[in-house]
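Asker: I need the structure of the sequence given here:
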Amino acid sequence: MHCTADFCLVPMGTETSVGKYIAECQRVLEKTGLKYELHGYGTGLEGEWTDVMKAIEACHEAVHKMGCPRIATDIRIGTRTDKASSLKAKVDSVKEQLARDGAA
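Answerer: Below is the predicted model:
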């Protein structure tokens, strides 16, 4: 089943700045071949359900391997059966609505 997901991986028990851990997670995602996009408070990810979950698990494994003792991750996942969906399509839909409303 295809899904779109948004997840926020939060390393805990480390220094205040967590950028190096998030950068490592992005490296992991690059290797998956899945579509993803980093944003200010997380990462959007899309693909087959199992592949998306494996990618998030791989991020956990990589960050733990860096010495992070604890990770908390919030995940939102969406699926559709009525039509194909993607992260880009979701953003484009809102931008098109704004353009029709004259707000863009």
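Asker: for the helix or strand hosting residue 63, what is the average pLDDT?
Answerer: Per DSSP states H and E: residue 63 is located in helix 49-65. Averaged over helix 49-65, pLDDT sits at 98.
Asker: right, and the helix or strand after that helix?
Answerer: Downstream of helix 49-65, the next assigned helix or strand under DSSP H and E is strand 70-78.
Asker: elements contacting that following strand?
Answerer: In this structure, strand 70-78 makes packing contacts with strand 2-12, helix 49-65, judged by 3 or more CB pairs under 8 Å, 6 or more residues apart in numbering; DSSP states H and E. Every residue, glycine included, has its C-beta placed from N, CA and C.
Asker: make it 6 Å
Answerer: With contacts taken as 3 or more CB pairs under 6 Å, 6 or more residues apart in numbering; DSSP states H and E, strand 70-78 sits against strand 2-12.
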